[in-house]
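> dropping a prediction and its sequence here:
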Amino acid sequence: MINRSSFTYKLSADQQKMVMSLLRDGNYRPVRIEHTLVAAKTEDCLIALYKSGKCLVQGKGAADFVSFVLEPLVLKEATLGYEDILDADAASPHMGIDESGKGDFFGPMVVASAYIDQELIECMREIDVKDSKNITSDNKALDMGRAIRKALGKRFAIVKIGPTAYNRLYAKMRSVNSILSWAHARAIENLLENVPSCPRAISDQFGKKEQVQAALMKKGRQIELIQRHKAESDMAVAAASVLAREMFLRELAAMRDKYGIEFPKGASEKVKSVAGKLIEKTTPMILLETAKCHFKTTDEVLAGLGTDRNALGPEGQAKSRSYNGPYSRPKKAKGAENV
């Protein structure tokens, strides 16, 4: 039974013309919504076709409109309610793993794992879970993260690697993928403590699968490990991506409260400006506590202040480069937290 109340479709030019004709000529009440080509209401749902080509259907009658009008007359295909038939593995028991903060100069790297089965996938659809990269509002990511945690109970795990621990690990491993592999392995192992029967783990393709397998311990080595491109289309991976983003945002807020400065995301000119101001208020060593120092951003900020990596000590010397040495399997990095 489909009980979702919101659906979004990207329509072709011809499909847009069909929707405009349907809504203007059919038994629908027109409404005015900014940036739409046409918008209308039924008794229990709203249909809005935006200038971008996106068609949004919302309300308790949304599923019926999609099933009985949009699919047969516009989309010319029936998919609603058949997702689990078309991809039987999508709703079968498994976990997804994803990370946040990897490309952000400030803040931690966070890796999360989330468990999904037939019952939980319906909960995730009700929450309208989607890959965190497609959630443009921080507040929405925070709210969705809370809702996912409530739905999952103990069936998720979060590994947070704060900047101090991250810089220490990078100085040793010299590879972001090695750190990611270790953190993914920890997230798998930690979730298996609460869901020991989970048979599969799915994550995005970020490096050699063997690196993650090498970092797994006894429980994790029994699980089927799958890496694939665009893994965020899997509901468990999407849920994990939101959980990781929520924790990353919470940690940035905690850093703001601690240091009295707003830490921007990414690695933009604004980020460099904030880093320079932070150093001027304290010392260059503050970057080891707040940032991922292997970023070239570090060199640019320090050069702008007339200094270099020597001001950061041994753990600030490592720059971003490939790592071809032996891979070790640390059980837990000092300063890394399992949440």
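Everything's here; your move.

> from what I can see residue 241 touches residue 112, true?
Yes: using Cβ atoms under 8 Å, residue 241 is in contact with residue 112, at 7.5 Å. Glycine gets a C-beta too; all of them are placed from N, C-alpha and C.

> hey, what's in contact with both of these two?
Residues touching both residue 241 and residue 112 (Cβ atoms under 8 Å, 6 or more residues apart in numbering): 98, 99, 100.

> partner strands of the host helix or strand of the first one and their direction?
To tie it back to what came earlier, the one meant is residue 98. Take DSSP states H and E as the rule and residue 98 turns out to sit in strand 94-100. For strand 94-100, the paired strands and their directions (DSSP bridges) are strand 109-116 (antiparallel), strand 200-204 (parallel).

> possible to save the ones you listed as TSV with mean pLDDT?
Formatted as TSV, the strands paired with strand 94-100 follow (pLDDT from 0 to 100):
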stretch	mean pLDDT
strand 109-116	97
strand 200-204	92
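
> just these: most buried one?
Neighbour counts (mean count of other Cβ atoms under 10 Å) averaged over each of the strands paired with strand 94-100 peak at strand 109-116, with a mean of 30.

> list the buried ones in the helix or strand that comes right after that one?
Next along the chain after strand 109-116, taking DSSP H and E as the criterion, comes helix 118-127. Residues of helix 118-127 classed as buried: 120, 121, 122, 123, 124, 125, 127 (neighbour count, 16 or more other Cβ atoms under 10 Å).

> and stretch 26-41, by the same measure?
For stretch 26-41, by 16+ other Cβ under 10 Å, it's 28, 36, 37, 38, 39, 40.

> roughly how far apart are the nearest residue to residue 200 once chain neighbours are set aside and residue 232?
The shortest distance from residue 200 to any non-neighbouring residue, by Cβ to Cβ, 6 or more residues apart in numbering, is to residue 94 (3.9 Å). Between residue 94 and residue 232 the computed distance is 14 Å (Cβ to Cβ, to the nearest Å).

> tell me, what residue is most central in the chain?
Centrality entry for the chain: nearest residue to the mean C-alpha point is residue 241, 2.6 Å, by Cα atoms, centre = their mean.

> pLDDT value on that one, please?
Residue 241 is assigned a pLDDT of 95 by the prediction.

> same question for the one 10 residues further on.
Residue 251 is assigned a pLDDT of 98 by the prediction.

> hang on, it packs against residue 108?
Yes: if you go by Cβ under 8 Å, residue 251 and residue 108 touch, sitting 5.2 Å apart.
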